[in-house]
Structure formats: structure tokens, C-alpha cells
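Trainee: Got a predicted structure plus its sequence, pasted below:
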Amino acid sequence: MTPINILVVDYKEENISTLKALAKRDDIRIFFTKSSNEALKLAWEKRIAITLIDVQLPEKDGLELAEMLRSNPRTKDILIVFLIPQSNIVKLSALKGLETGNAEPLYKPLDHKITREKVESLIQMSRHNTDIKQRDEELQNLTVVINNAAEIVCIVDASNYHIKIINPAVEKILGYSQMELPGRSITDFAVEAQRIDFRRKLAGIVKDSLSYSAFEFEFARYDKSIIWVECRVVCQNKTLLLNISDISEQKNYQNQLIKSKETADQGKKVKETFLANMSHELRTPVNGIIGLTNLLRKTQLNEQQNSMIDLLEVSSQSLLGVINDVLDIAKMDAGKFNIVRSSNNLHDLLRAVYGLLKFKADENNIEFSLEIAPDVPVNLMVDSLRLNQVLMNLLSNAIKFTERGFVKLTVSVLQKNGDQVQLRFTVEDSGIGIPENRLSSVFDSFEQAEEDTAVKYGGTGLGLAIVKKLVELKGGELTVTSQPGKGSVFSFINWYITTNKPKEKVSFRTERLLEPFENVKLLVAEDNLVNQFMLSKMLKDWDIEVEMVDNGQKVLDKLQFNQYDLILMDTHMPEMNGYETAKAIRSNFSEPKRSIPIISLSAASFDYEQEEALLSGMNDVLSKPFQPQELHRKIRRLLKTADVIKSLA
């Protein structure tokens, strides 16, 4: 890892001695100076990433130095933190230019712990900024690659097949000028005898929202000559992306066609593998954070520590929400997202959503109300998780974008037909509103009503995109009306089936239900150190003897010479993953070890990944992040099943 260069500009030895303690780390290099001029020189020569500046320097004050750094293109991206004397906080906080800093200032005399934590957060911020710059460069390089690609790359409107953008390769392959093609139909290129079939092919791709399709047609060049082309098409967000290659010379070579198909299939597999790995890499550390939060709650904490634990839990759940939003969008685009309906009390669900957000509304002095029409049925077949997700997104947005006034959730009956009922859910607010020219784009992924919305109010721009897709997956329709400065009204309509009162759900949240085990020995395979600690502590609290390994090969080595009652195994591990390990156990060991219960600790986001775990020989799957009671329940169930099998043997 490349070390981060940090510049400290301070003339007092006591502050310098505190900061010198940080220099013992291998991942940072710290440069000290008392001179503003020397600081400018060091910033230019040493590629400084972070600078800590005393606002009261002898030559020129720290604010002037910061402004000079900001004005130079070579040093403008340096992260700046001011060092402010505790005695002059009020006076110095009013100084013009203090906002030049990238983070909250440090107050002198410097507290070692606070300083270390502040520098650590700046290091993480600096590395994050570097990653963003690298990705921007990659995007720029990708644009260059497309413009210089030897094959035709074009973007086509899926509604009328008109070309929006096309790269210069069209001039070489088809003989047309690049500038004259936008607005023309892509189907015009096909020879007349195949034009209808070509149009039908594109229509089928759009209808089925295919993520990838490849086919061959004859195209007519500008000079009327005919060539064979291979079209590779991706359909996404009402847009077709086409890659068109001249395969006239390769048409007679069947092997080349087979290779092209294999390459295309591999591309799809890479995409799915990337999503699976992303899910694992993001969910695994979040699981550790949530698990450690639960463990900390069991320790003796004062009021301030409890508050910090609450903030930690809120932050981790917020991060998990963003991760789930991104993965939900990916699964929806891949057509692998299911709606699961069951009997639920709709009124209780609505009141629960209202109760969760009422505090936030009260905090912002917003009038928040819930109106359920008297004829709205109580018990319905509904996917409560997804309906909750839709309502929470719409209501959270309404509260966030309403500075004063009201937010109202209304549920009413539009019509009834036997045991079916059509309901309208309406979220109305008196917030900032949405300009008319932005109403259609607010439902696009990563889009918001205005360019500065994310800066003012935060958010990823995924909420409404997910709401729209969820409502449509449920067979409904989402609409919006809005006036800037007066507010917005979001409504969606769905049909539901009335049902009997749902069964009471058993709560597993009470810690007293998590009874200890007797004479149980578990082998845990987990390569993440935080999750290792969390699982070990959790299992030992249940009187379970635990042995920990960090890859599948070590599981096989341990199982060869030891007896265990159950194995907890992560699916993504170095050297040998969980799938391979489970298959090896089921194939290469003799009884009773061959039938040992195995629970997959999976951060999988796709259903097929969980199916793969079961097909490899695992008995159950526990998705990360999980609650302790979920793990406890699965362990007890599998141990009981194993005992029954042993008694029958």
C-alpha cells in the first residue's frame, strides 16, 4: 500500500511531539515545518495528501497558507485541517476562510486519541478520493476506447429504434458519415428481405428486457454492397446498446462463431460473478459491525456509550440499506427479483411505518398524519417487506424534502371485486416540489430532482427507482404530480386479495429464549477477522466449544482428526471456498463425518447462489448480516435433526 504523505505546519513543540507519535505507522509519512514558505515547497515537491495547519503562524496565518494551497492546481486537492487554540475557539471560528478546511478543526492542546482518530479518518478520505480519481480516469479511457473501437458501437431508442449515438467505426464498416446517422432507424441498415425479421428480433429483445443477445444479419453498405454483420445487443432502461461487427470473412468458419458465443457467455458470467463478489465484500464487514454492536449492548455501558452504540447501529443499518438498494437494482435489472405475498394485517403495517417516521417528522416540526379509509380491509395477501420498503422510501423522501408544513399518508379503496380490492396509497407533502421537466427522470437510477439535491439533502438517487420497479413488479402503477415550492403527491395503485387474520408471529428478540447448549462442539470457517471474533464470542456465550479456521482446506484438515457436531462455513474463502469444501466432505469422508450438519454463512444476493450452497451439500443457509437468534435457531434445529438420525441408525 502506497504511504500517505502528511504535512504538519506548526511552530509549537508540544503539538509537534503529539503529532510525531503518529509517524511510527508504516502507511504514512509525516513532514514537519514551522515555516509557511517551506510548507508550500513541501506541498509542491512531496505530493502531500493531508496537511494540519496552525491558524496562528508567525510569518502568515494558516488561513492564508490554506488559500494559497487551494489556488494552486498541483495542491488544490490536499485535505486541510486547522489546528485551533482552545482558548480562542469563538474568536477564531468567526474568521473568514476557516471553511477552507475539509473537516472539523483540531483544538489545542491536542488530545492524542482524538488526533489519532482524526488523522485516521483523513487517511481513509484521502484513499477514497484517490480511488474516485482513478475511476474517473478509467471512464475517460473507456470513452477513448469506444471512439477508437474497430466495431460499430451505438445507442438506440428502444421505442422507435432510432439511433441516438454512434461511433466513427460506422464510416469504415458501412460507409456512412457518422454525423448523418443520429435520428435514423437502425433497421434501415438491414437488407430489404431481412428488415422485418431484424425489427422483430429487436422487438423481442425489448419485450423480454434481455440483458444480452447476439445474432447475424445481412447489412447494405452505402455503396449498395452487402456484408454479413454480427449484432450484440444489451437492453436496459428503455435503451438498446448495439455492438456491430463485420463478419463477412469469418462467416464460413463455424469454429469462430462458436468461440464468439463462448466469449459472450463468459461476459455474462463475469457480470454475475462481480455482483456475487461485491455482495460478499460489502455485506461481510457490515455483518461484523452489526454483530459487534449486539455484543457491546450486552456489556455494561454508560448513557454516552449507549448513545454511541445507537449511532453505530443506525449508521450500519443505513450502510446496509444503501448496499441492499444497489443490489436490488442489479437483481431487478437481471430479472431475478421476486415478490412473495402472505397474509398480513395491513393496518398494523401502516401504523408501524407511521410510528417509525413520526419521531423524525416531529423533530423537524412537520405535521405527519395517517388516514386509513374505513372500508380498507384489515387482512390482505401482501408482500409486507416490499410494501414497507415502498412506503418507507416515499415517506422518508417526503419528510426529508419538507422544511415546514405537512406530510400525509392516505390509503383508500378504489373498487372491490369479490375477494379482491384495489387500493390507492397516496403520499402528499408541502415540500420543495419537483420541476416539471424533471418529473420523468426522478425515477431513473442515481437521478435526483436537481443537480444540487444530493449536496443539500444527501441520498443516492436510488430510492424512487427502486419504488417504481417494486410497484411495477407487484402489478401496480406509480404516478407523481408536483409543483415547485408547493409540494408533491406520489400515488400507487395495486390489487390485493382479502384473507383471514394472519397467524401471530413468534418473536425471537428476547435474549432469554437463546438458551445455552450442552456438550456441543462447532468448527467455524470464516476468513474475516472481525466476524471471527464476533462469532467466537457469540457461540461461547451459548456454552458452545468453538474451533476457528480461515479457509476450506483447514476445515478438511481439522475434520480429519477431530469430531464436531456442526460446521459454520463462509462460502467465499481463500484457497478453497465453502462450496468446494462441502462437496469434499460429502464425497471423501465416511460416516458419521460425511453427514455432519453444515450451515453456510453467505453474503449472497442472488437466489441461485443460495441454491448452489444447498446443491453442494450444505444443510442450511444463513445470509449476512444476521441476528443472533437466527443463528441460534438454525443450530438448534439441525442438532435436533442430527440426534434423530443418530437414534434411528
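Mentor: Good, I have the coordinates.
Trainee: can you list the domains in this structure?
Mentor: For the chain, automatic domain parsing gives the domain ranges 4-128, 149-252, 269-328, 342-498, 511-648.
Trainee: how distant is the longest one from the center of its chain?
Mentor: Using C-alpha atoms, centre = their mean, to the nearest Å, we find the averaged C-alpha position of domain 342-498 to lie 22 Å away from the chain's own average C-alpha position.
Trainee: ends of it, how far apart?
Mentor: 11 Å (C-alpha to C-alpha, to the nearest Å).
Trainee: comparing the domains of the chain, which gets the lowest mean pLDDT score?
Mentor: Least confidently modelled of these is domain 269-328, at a mean of 72 by mean pLDDT.
Trainee: Quick one: residues contacting A582.
Mentor: A582 sits next to M569, I598, S600, A613, S616, G617, M618 when contact means C-beta atoms under 8 Å, 6 or more residues apart in numbering. Where you see a C-beta, it was placed from the backbone N, CA and C, and this is true even at glycine.
Trainee: try it again with 10 Å
Mentor: 552, 555, 567, 569, 571, 598, 600, 613-619 (C-beta atoms under 10 Å, 6 or more residues apart in numbering).
Trainee: Output the domains of the chain in JSON lines; the columns should cover distance to E138.
Mentor: Formatted as JSON lines, the domains of the chain follow (distance: least, C-beta to C-beta, whole Å):
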{"stretch": "domain 4-128", "distance to E138": "16"}
{"stretch": "domain 149-252", "distance to E138": "16"}
{"stretch": "domain 269-328", "distance to E138": "15"}
{"stretch": "domain 342-498", "distance to E138": "18"}
{"stretch": "domain 511-648", "distance to E138": "24"}
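Trainee: Please indicate which of the contacts of A582 are buried?
Mentor: G552, V555, I567, M569, T571, I598, S600, A613, S616, G617, M618, N619 (16 or more other C-beta atoms under 10 Å).
Trainee: I'd say the second one and I598 touch.
Mentor: Yes: in terms of C-beta atoms under 10 Å, V555 counts as a neighbour of I598; the distance is 9.4 Å.
Trainee: nearest to T641, of the contacts of A582?
Mentor: Closest approach to T641 among the contacts of A582 (C-beta to C-beta): N619, at 8.1 Å.
Trainee: Contact partners for the closest one?
Mentor: N619 sits next to 566-567, 582, 595-600, 613, 634, 637-638, 641-642 when contact means C-beta under 10 Å, 6+ apart.
Trainee: make it 6 Å
Mentor: Counting by C-beta atoms under 6 Å, 6 or more residues apart in numbering, N619 touches P597, I598, L638.
Trainee: out of everything not next to it in sequence, what's closest to it?
Mentor: P597 (4.9 Å; C-beta to C-beta, 6 or more residues apart in numbering).
Trainee: which ones are touching the one you found?
Mentor: Applying C-beta under 6 Å, 6+ apart, the residues near P597 are L566, N619, L638, A642.
Trainee: quick check, nearest of those residues to E262?
Mentor: Distances from E262 to the contacts of P597, taken by C-beta to C-beta, are shortest for N619, at 35.1 Å.
Trainee: Secondary structure element holding the residue nearest the centre of the chain?
Mentor: Nearest to the geometric centre of the chain sits I323, at 2.5 Å (C-alpha atoms, centre = their mean). Take DSSP states H and E as the rule and I323 turns out to sit in helix 303-333.
Trainee: Residues touching the helix or strand following that helix, excluding its own?
Mentor: With elements assigned by DSSP H and E, the helix or strand that comes after helix 303-333 is strand 342-345. Residues from elsewhere that reach strand 342-345, judged by C-beta under 6 Å, 6+ apart: V378, N379, V382, S384, T499, P502.
Trainee: Would you mind pulling up the elements that the next helix or strand after strand 342-345 packs against?
Mentor: As assigned by DSSP H and E, the chain's next helix or strand after strand 342-345 is helix 346-363. Other helices and strands packing on helix 346-363, by 3 or more C-beta pairs under 6 Å, 6 or more residues apart in numbering; DSSP states H and E, are strand 366-372, helix 384-400.
Trainee: Give me the contacts around helix 346-363.
Mentor: Under C-beta under 6 Å, 6+ apart, the answer for helix 346-363 is F368, L370, V378, L380, S384, L391, L395, I399.
Trainee: Drop anything exposed from those.
Mentor: Buried among the contacts of helix 346-363 by 16+ other C-beta under 10 Å: F368, L370, L380, S384, L391, L395, I399.
Trainee: Could I have the CA atoms of the helix or strand hosting the third one written out in CSV?
Mentor: Secondary structure here is read from DSSP H and E; on that basis L380 sits in strand 379-382. Extracted as CSV, the C-alpha positions of strand 379-382 are listed here (Å, rounded to 0.1, in the frame of the first residue of the first chain):
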residue,chain,number,x,y,z
ASN,A,379,-56.1,-8.5,6.4
LEU,A,380,-54.7,-8.9,2.9
MET,A,381,-52.3,-11.1,0.9
VAL,A,382,-49.3,-8.7,0.6
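Trainee: Show residues contacting it.
Mentor: Residues outside strand 379-382 that contact it (C-beta under 6 Å, 6+ apart) are R341, N344, N345, L346, Y496, I497, T498, T499, K501.
Trainee: same question, stretch 550-568
Mentor: 520-525, 527, 549, 573-576, 580-581, 584, 593, 597-599, 601.
Trainee: just to revisit the earlier point, leaving out sequence neighbours, find the closest residue to the residue nearest to the centre of the chain.
Mentor: L282 (4.8 Å).
Trainee: Using the three-state scheme, assign that neighbour.
Mentor: Following DSSP: H, G, I helix; E, B strand; the rest coil, the label given to L282 is helix.
Trainee: ok, I466 to M392 distance?
Mentor: 11 Å (C-beta to C-beta, to the nearest Å).
Trainee: The two: which is more packed in?
Mentor: A count of neighbours by other C-beta atoms under 10 Å puts I466 above the other of I466 and M392, at 22 against 16.
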